[in-house]
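J.: Build me a structure from this.
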Amino acid sequence: MTDAQETAAESTLRIPGGGPPDVPSAPVPLLEPREGIPPVAATQGALDEIIAAYAAGTGPVAVDAERASGYRYGQRAYLVQLRRAGAGTALIDPVGCPDLTALGDVIGDTEWVLHAATQDLPCLRDIGMAPKRLFDTELAGRLAGFARVGLGAMVEHVLGYALEKGHSAVDWSSRPLPEPWLRYAALDVELLIDLRDALEDELARQGKLEWAHQEFAAIAAAPPAPPRKDPWRRTSGMHKVRRRRQMAAVRELWTLRDGIAQRRDVSPGKVLSDAAIIEAALALPATARALAALPGFGQRMGRRQLEQWQAAVDRARELPEAELPQPGQPVAGPPPPRAWADKDPAAAARLTAARAAVSTLAESLNLPQENLITPDTVRRVCWEPPREVTVEAVASALSGMGARPWQVERVAPLLAEALAG
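T.: Next up, the predicted model:
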């Protein structure tokens, strides 16, 4: 980074809600990594060199991962980017180096800096990397009150640099990776630590740094998400499907598609679209020829493929009534808020008062309502309030639902008042 660029970065921190700073008229384009594009480590020898360099580095480690969503099955990482003072930037190919446990161990005790950590942590854990401490620059931006918290927007707003974001949705499973993609990937971690430092200062200025630390600790300590129950119910367009036998067709088609996609290692949408699944489920065609006339099952689909999809539809058509899926998933917790007025008018009144109080407080704190307290937590405590509505009892209920201490301290008195009213 040149002296002029460093001066530009120092002068462009824009405080949410503050007065307009003296900034350049346009952000400075960030076109090249400081040390150039590093080679991609795809062998154990190259990985060992990175491990040694990062063991000798100092300070936080910027971490990012690129997936191939929309191209490959699942959410595995196809490129891992890191940057640390004293070690520079590293690019690692998890296809050639599928086990990064040794690298994760070397940097495990230091703070990792990620942007939208919950998106990358699952695929990083799959290859042996899990932080004990982290700093999430996206979440920090939300807590600090920034309206736009994408990485490009944050780097531009806080540091005064423009990142080129044209390769975010490319097929990162491609090999070899083109140089422009690698440049983009390296630049994604180029300023993460600079961004972290600026956001830490801003959070401290607003008195929110401890809030952020509690949020980051909760993310780092969270266990992997359990598998979804009945994932076929999330098929796009499912709201059109009303009859149980049609639901069975969606389930059979979705399950067949998922198995094919997993075997081929391609995105399920490349095997058969959600729209095609819904069309077939609604029509319940009796023959492969009738199926071929539906949208999504056109001339490009061979007879063998049509027959396998028709077999799935036939299985749904022939299922006994007792084996058909139920119209809705069992709901854990309160019903949808739109039904509260009929089911429990008092609970509906509590929810209205609680939402208004949370909204007012969030606005005064200059942060999104969902970061002050999750809407689901508010709904649960309003639907089933403590037997004795006291601040202490509400605080205990919130803590039991996973609210962090800083949230409990600020929200419990408001909710107690709303519940009592």
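J.: and the gap between Arg300 and Ala261?
T.: 17 Å (Cβ to Cβ, to the nearest Å). Placement of C-beta: from N, CA and C, glycine included.
J.: Can you pick out the residue with more neighbours from those two?
T.: Ala261 (19 against 6; other Cβ atoms under 10 Å).
J.: Just give the closest residue to the more buried one, not the sequence neighbours.
T.: Pro268 (4.1 Å; Cβ to Cβ, 6 or more residues apart in numbering).
J.: Would you agree the one you found is in contact with Tyr73?
T.: Yes - checked against Cβ atoms under 8 Å, the pair Pro268 and Tyr73 is within contact range at 7.1 Å.
J.: what is in contact with those two at once?
T.: Ala261 (Cβ atoms under 8 Å, 6 or more residues apart in numbering).
J.: Okay, now the unreliable bits of this structure?
T.: Scanning the chain for pLDDT under 70 picks out 1-25, 329-332.
J.: Please list all residues in contact with the closest residue in space to Leu195 that isn't next to it in sequence.
T.: Once flanking residues are discounted, Leu195 sits nearest to Thr137: 5.1 Å by Cβ to Cβ, 6+ apart. Residues near Thr137 by Cβ under 8 Å, 6+ apart: 113-115, 151, 154, 192, 195-196, 199.
J.: Export whichever strand or helix holds Arg289 to PDB, keeping only CA atoms.
T.: In this structure, Arg289 sits in helix 288-292 according to DSSP states H and E. Output of helix 288-292 as PDB, limited to C-alpha atoms (Å, rounded to 0.1, in the frame of the first residue of the first chain):
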ATOM      1  CA  ALA A 288     -43.700 -40.700 -18.800                       C
ATOM      2  CA  ARG A 289     -45.100 -39.200 -22.000                       C
ATOM      3  CA  ALA A 290     -47.500 -37.000 -19.900                       C
ATOM      4  CA  LEU A 291     -44.600 -36.100 -17.700                       C
ATOM      5  CA  ALA A 292     -42.500 -35.000 -20.700                       C
END
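J.: oh, and call the first residue 385 from now on, that's how I've got it
T.: Fine by me, first position is 385 from now on; the one you just mentioned is helix 672-676.
J.: other SSEs contacting it?
T.: helix 658-667, helix 687-702 (3 or more Cβ pairs under 8 Å, 6 or more residues apart in numbering; DSSP states H and E).
J.: counting contacts, what elements does the shortest one pack onto?
T.: Counting contacts by 3+ Cβ pairs under 8 Å, 6+ apart, the secondary-structure elements packed against helix 658-667 are helix 628-648, helix 672-676, helix 687-702.
J.: Can you convert these into JSON lines and add a column each for distance to Asp448?
T.: Converted to JSON lines, these look like this (distance: least, Cβ to Cβ, whole Å):
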{"stretch": "helix 628-648", "distance to Asp448": "26"}
{"stretch": "helix 672-676", "distance to Asp448": "43"}
{"stretch": "helix 687-702", "distance to Asp448": "38"}
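J.: what's the most buried one of the ones you listed?
T.: helix 628-648 (a mean of 19; mean count of other Cβ atoms under 10 Å).
J.: quick revisit: so which of the contacts of Thr521 sit within helices?
T.: Counting by DSSP state H, these place 535, 538, 576, 579-580, 583 in helices.
J.: So which of these is the closest to Ala725?
T.: Among the ones in helices among the contacts of Thr521, Met538 lies closest to Ala725 (Cβ to Cβ), at 40.6 Å.
J.: How much space separates Ile757 from Leu583?
T.: The gap separating Ile757 from Leu583 is 22 Å, by Cβ to Cβ.
J.: domain ranges for this protein?
T.: Here the domain assignment for the chain is 387-605, 615-707, 721-804, based on automatic domain parsing.
J.: hang on, the earlier thing: can you say which of the contacts of Thr521 are buried?
T.: 497-499, 535, 538, 576, 579-580, 583 (16 or more other Cβ atoms under 10 Å).
J.: coming back round to it: which of the contacts of Thr521 lies closest to Ala605?
T.: Of those, the one sitting nearest to Ala605 (Cβ to Cβ) turns out to be Leu498, at 15.0 Å.
J.: can I assume Pro564 sits in a helix?
T.: Yes - per DSSP: H, G, I helix; E, B strand; the rest coil, Pro564 lies within a helix segment.
J.: could you list every residue that touches it?
T.: With Cβ under 8 Å, 6+ apart, Pro564 has these contacts: His551.
J.: so how far is Ala588 from Asp726?
T.: 48 Å.
J.: Then Val795?
T.: Distance of Val795 to Ala588, computed by Cβ to Cβ: 22 Å.
J.: if I read this right, Val634 contacts Trp616, doesn't it?
T.: Yes - using Cβ under 8 Å, Val634 is in contact with Trp616, at 5.8 Å.
J.: Any chance you could list what contacts stretch 581-596?
T.: 397, 399-400, 519, 521, 523-525, 527-529, 542-543, 750-751, 788, 790.
J.: neighbour-wise, which of Val795 and Ala588 wins?
T.: Val795 (24 against 12).
J.: who touches that one in this structure?
T.: 742, 745, 756-757, 782, 787.
J.: Could you rerun that using 7 Å?
T.: 742, 756-757, 782 (Cβ atoms under 7 Å, 6 or more residues apart in numbering).
J.: most neighbours, which of those?
T.: Comparing these by number of neighbours (other Cβ under 10 Å), Ile757 comes first, having 25 neighbours.
J.: Next, the closest residue to that one other than its chain neighbours: secondary structure please.
T.: Leaving aside its sequence neighbours, Ile757 sits nearest to Val795 (Cβ to Cβ, 6+ apart; 4.8 Å). Assigned by three-state DSSP, the conformation of Val795 is helix.
J.: ok, now how distant is Val795 from Val775?
T.: 10 Å.
J.: Just the element for the residue nearest in space to the middle of the chain, please.
T.: Nearest to the mean C-alpha position of the chain, by Cα atoms, centre = their mean, lies Gln503 at 3.7 Å. Element membership for Gln503, per DSSP H and E: helix 501-510.
J.: just Leu463 next, same as before
T.: strand 461-469.
J.: what does Val445 give?
T.: If you go by DSSP H and E, Val445 is part of strand 442-451.
J.: just checking, what packs against that strand?
T.: Packing contacts for strand 442-451, counted by 3 or more Cβ pairs under 7 Å, 6 or more residues apart in numbering; DSSP states H and E, involve strand 461-469, strand 495-498, helix 501-510, helix 563-574, helix 576-590.
J.: what lines up beside that strand in the sheet?
T.: The strands beside strand 442-451 in its sheet (DSSP bridges) come out as strand 461-469 (antiparallel), strand 495-498 (parallel).
J.: Can I get the first one in CSV, CA atoms only?
T.: Taking Å, rounded to 0.1, in the frame of the first residue of the first chain, the C-alpha atoms of strand 461-469 are listed here in CSV:
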residue,chain,number,x,y,z
ALA,A,461,-14.7,-25.2,0.4
TYR,A,462,-12.8,-25.0,-2.9
LEU,A,463,-10.3,-22.3,-1.9
VAL,A,464,-9.2,-21.0,1.5
GLN,A,465,-7.5,-17.6,1.9
LEU,A,466,-5.6,-16.4,4.9
ARG,A,467,-3.5,-13.3,5.8
ARG,A,468,-1.4,-12.6,8.8
ALA,A,469,1.2,-10.1,9.7
